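S.K.: Provide a 3D model corresponding to the input given below.
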Amino acid sequence: MLWVNGKKVATEDIPFGGDNRQNGCGNNPIYVYIGGTNVYHGGLIGVVDEVQVWNKTLDETGVADAMMGYKDRTIPNDLYAYWNFEEIVPLNSESENETDKRLSSFPNLGKGGESLKATIIKCEGAGGEDTSGTIAVPVLANNNELGNPAIGGTLDVKTTANWELPGVASSVESDKSVTVKYANSGNYNVNLSLINRWGRDSKTGAVVIIDPTGIENTQEVEALNVYPNPFVDGVNILFAKGGQYSVDICGIDGKAVGMQKLDVAANETVYVAVNGTPGMYIIRVMDGERCVKSIKVCKQ
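M.R.: Numbers count the residues shown, from 1 in each chain. The predicted structure is shown next:
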C-alpha cells in the first residue's frame with residue numbers, strides 16, 4: 001500500500017516466494033535498499049526522514065499515528081525496525097577491520113534488536129544490468145539528508161483560512177473564526193478553504209441574516225406566540241393573523257437548519273419540528289419579504 005500524507009492512494013498485491021532467508025539466500029539476511037537499485041543506479045529525488053518496518057498491517061489511524069514519529073514516545077511492540085537517522089553509532093565496534101571501526105551507521109530503535117543497522121552505501125563495479133561484480137561499500141553516516149538531530153519534535157504544519165463572503169459589508173478575522181457584518185438581510189452562501197503544506201480542502205455553507213428592522217407591525221408581533229421554550233423536538237406557533245407564512249430555522253451560528261411554508265387561519269396553532277442537536281436556534285416567521293417575528297429558542 002502507498003500512503004501519502006496519511007491517506008492511502010494505491011494498493012497492490014505482490015507475491016513473495018516463501019522465506020527468503022532459505023529460498024535462494026541461505027541463512028544470509030536480506031538487504032533492503034532505499035534510494036535506488038543496483039541496476040543503472042536509479043536514484044531517489046527527495047529526502048528520507050524515517051524508515052519503519054512493521055510486523056503488522058497498519059490502518060489509516062495507525063499510519064497517521066506512525067507519521068508523527070516516536071520521539072519521546074513508547075516504541076510499539078509491532079514496530080520491528082525503526083530508524084530516525086538522528087543518532088549515529090559505530091558500524092561494528094567489535095570488528096578487527098579498521099574500516100568498520102572508522103565508519104558509522106544508524107541504530108535500530110525498533111524491537112528487532114541493535115544488530116539491524118542502517119548504513120549509507122555506494123555501489124562500485126556495476127555495469128548496466130550486469131551486477132555480478134558490484135560491491136556495496138559503506139560510507140560515513142551523516143545527517144545532511146537523513147533526519148536532522150538539530151530539529152526536535154514534529155513538523156509544524158500551519159493552516160491558513162481563506163473566506164469567500166459575498167455580500168459582506170465588513171469582516172474581522174482571527175486564527176479560527178471570522179466575524180462579519182452584512183448590509184442586508186437574506187440568505188448567503190459562504191465558502192471556507194483551508195490550505196497547508198499537505199494540500200487544501202473547502203466547504204460551502206448557508207448563512208441566514210436576520211434583520212430586526214424588517215419587523216413592521218408591533219401588535220402583530222406581540223400576538224404571535226412561540227412555545228414551549230425550552231423545547232424537546234419542536235415548537236408551537238400561534239398565528240393571530242391568517243395568511244401565508246414561511247418559517248425559517250437556523251442555528252445560533254447562522255447555518256440554515258430548515259424551512260417550512262404555512263397557510264394558516266387566524267388564531268391557528270401550528271407545530272414546527274426543529275431537527276438538530278440540542279442547543280440554541282433562531283426561528284424567523286416571514287410574511288413574504290417581511291419579517292413578522294424573530295425569536296431565539298433552546299432545544300434540550
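S.K.: Show me the helices in the stretch 151-300 of the chain, by range?
M.R.: With DSSP state H, counting those that start in this stretch as the criterion, the stretch 151-300 of the chain has helices at 218-223.
S.K.: Which secondary structure element of the chain has the lowest mean pLDDT?
M.R.: Ranked by mean pLDDT, DSSP states H and E, the weakest helix or strand in the chain is helix 218-223, scoring a mean of 51.
S.K.: Just the strands from the stretch 101-250 of the chain, written as ranges.
M.R.: For the stretch 101-250 of the chain, the strands defined by DSSP state E, counting those that start in this stretch occupy 104-105, 121-124, 135-138, 160-164, 168-173, 178-182, 186-196, 199-209, 225-227, 234-239, 243-251.
S.K.: show me what contacts the most centrally placed residue in the chain?
M.R.: The structure's the chain has its C-alpha centroid closest to Gly6; by CA atoms, centre = their mean the separation is 8.3 Å. Gly6 sits next to 60, 63-64, 67 when contact means CB atoms under 8 Å, 6 or more residues apart in numbering. In short, each C-beta sits where N, CA and C put it, glycine included.
S.K.: Now it: closest residue in space, sequence neighbours ignored.
M.R.: The shortest distance from Gly6 to any non-neighbouring residue, by CB to CB, 6 or more residues apart in numbering, is to Ala64 (4.3 Å).
S.K.: Glu164 too?
M.R.: Nearest to Glu164 is Asn191, by CB to CB, 6+ apart, at 4.0 Å.
S.K.: Ile252 versus the residue nearest to the centre of the chain, what's the distance?
M.R.: Distance, Gly6 to Ile252, using CB to CB, to the nearest Å: 33 Å.
S.K.: Return the distance of stretch 57-72 from the chain's centre.
M.R.: A distance of 14 Å separates the centroid of the chain from that of stretch 57-72, by CA atoms, centre = their mean, to the nearest Å.
S.K.: what does stretch 249-265 give?
M.R.: With CA atoms, centre = their mean, you get 32 Å for stretch 249-265.
S.K.: Now do the contacts for Tyr31.
M.R.: Neighbour list for Tyr31: Ala136 [criterion: CB under 8 Å, 6+ apart].
S.K.: Within the helices and strands, which one has it?
M.R.: Tyr31 belongs to no helix or strand when assigned by DSSP states H and E.
S.K.: Model confidence at it, what's the number?
M.R.: What the model reports for Tyr31 is a pLDDT of 72.
S.K.: that older thread, just among the contacts of Gly6, which is most surrounded?
M.R.: Val63 (18 neighbours; other CB atoms under 10 Å).
S.K.: Give me the neighbour count for the closest residue to Gln244 other than its chain neighbours.
M.R.: Of all residues not flanking Gln244 in the chain, Asp263 sits nearest, at 5.1 Å (CB to CB, 6+ apart). For Asp263, the count of nearby residues is 10 (other CB under 10 Å).
S.K.: ok, Asp233 to Val297 distance?
M.R.: 12 Å.
S.K.: re the thing from before, please tell me how far the residue nearest to Gln244 sits from Cys291.
M.R.: Counting by CB to CB - Asp263 and Cys291 are separated by 19 Å.
S.K.: For Val89, which residues are in contact?
M.R.: When contacts are counted by CB under 8 Å, 6+ apart, Val89 touches 104-107, 117.
S.K.: Dump those to a markdown table, plus pLDDT.
M.R.: Output for the contacts of Val89, formatted as a markdown table (pLDDT from 0 to 100):
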| residue | pLDDT |
| --- | --- |
| Ser104 | 77 |
| Ser105 | 83 |
| Phe106 | 86 |
| Pro107 | 89 |
| Lys117 | 83 |
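S.K.: Show the contacting residues for the residue lying closest to Tyr245 once chain neighbours are set aside.
M.R.: The shortest distance from Tyr245 to any non-neighbouring residue, by CB to CB, 6+ apart, is to Leu262 (4.9 Å). Residues in contact with Leu262 (CB under 8 Å, 6+ apart) are 239, 244-247, 270.
S.K.: The same query, at a cut-off of 7 Å, please.
M.R.: Contacts here follow CB atoms under 7 Å, 6 or more residues apart in numbering; on that basis Leu262 touches 245, 247, 270.
S.K.: Look up how far Val274 lies from the closest residue to the second one other than its chain neighbours.
M.R.: By that I understand Val247. Among residues not flanking Val247 along the chain, Gln260 sits closest, at 4.8 Å (CB to CB, 6+ apart). To Val274, Gln260 is 10 Å away according to CB to CB.
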